[in-house]
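Chemist: Build me a model from this:
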Amino acid sequence: ADLEQKPDYKGLYVFKFDQTGKDLEGLKAWTRSFVAATEVARMVSTRVMNKFVGAQIGDKDMVETYMEEVAKILAVAEYAGARQKADFWVLMQPFTDEGKLADKYYRYLLLYTVPREQIDAAIQRALADQDKKAKPKTEEEQTARDRVKELFDEGL
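Modeler: As a prediction, the model looks like this:
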């Protein structure tokens, strides 16, 4: 969220992927086999559900299944605009509680960006698709769905 506020990331969502291990070559292999499309989609789905859970939209039980289905749609979406912005690794050697050096390990980070309009449009399509698949059963459920849509009008 902090990076998304920086001028360099204007109009972009930022996703950080982090892996640790004792073998740097193994971590480099992880980066080569990293499937950005799948991981970004998973992160979008997670962020959508986190925003939903944190929102005050009334009776969440009415729209929980609705949102779970929306999240499933987003979890398999592909975001062609995903770009690797940076990658780096750090050698870490923490201290134990007794002040002694603990085992060394490496931390590898990947930073990806996706244009906001691409993800926001995918969210709106997923909401619309779910509306077509399962109509609300009551007026209260429709009201709750409308609140969900308002929540995502501004994106993630």
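
Chemist: all contacts plus neighbour counts: C-alpha atoms, from now on.
Modeler: Noted.

Chemist: Run through who's touching stretch 118-130.
Modeler: 44, 66, 69-70, 73-74, 77, 79, 81, 149, 152, 155-156 (Cα atoms under 8 Å, 6 or more residues apart in numbering).

Chemist: What's the mean pLDDT across it?
Modeler: Mean per-residue pLDDT for stretch 118-130: 91.

Chemist: Just the buried positions in that stretch, please.
Modeler: Using 16 or more other Cα atoms under 10 Å as the test for burial, stretch 118-130 gives 118, 119, 120, 122, 123, 124, 126, 127, 130.

Chemist: ok, the spatially most central residue of the chain - contacts?
Modeler: Closest to where the C-alpha atoms of the chain average out (Cα atoms, centre = their mean) is residue 43, at 2.5 Å. By Cα under 8 Å, 6+ apart, the residues touching residue 43 are 15, 75.

Chemist: What distance do you get for it to residue 66?
Modeler: For residue 43, the distance to residue 66 (Cα to Cα, to the nearest Å) stands at 19 Å.

Chemist: low pLDDT regions in the chain?
Modeler: Scanning the chain for pLDDT under 70 picks out 56-60.

Chemist: where along the chain do the helices fall?
Modeler: Secondary structure of the chain (DSSP state H): helices at 24-33, 36-54, 64-75, 116-133, 139-152.

Chemist: which one of the ones you listed lies closest to residue 5?
Modeler: Across the helices of the chain, residue 5 has its closest neighbour in helix 116-133 (12.5 Å, Cα to Cα).

Chemist: Run the chain-centre distance for the closest one.
Modeler: Remark: helix 116-133 is offset 15 Å from the chain centroid, using Cα atoms, centre = their mean, to the nearest Å.
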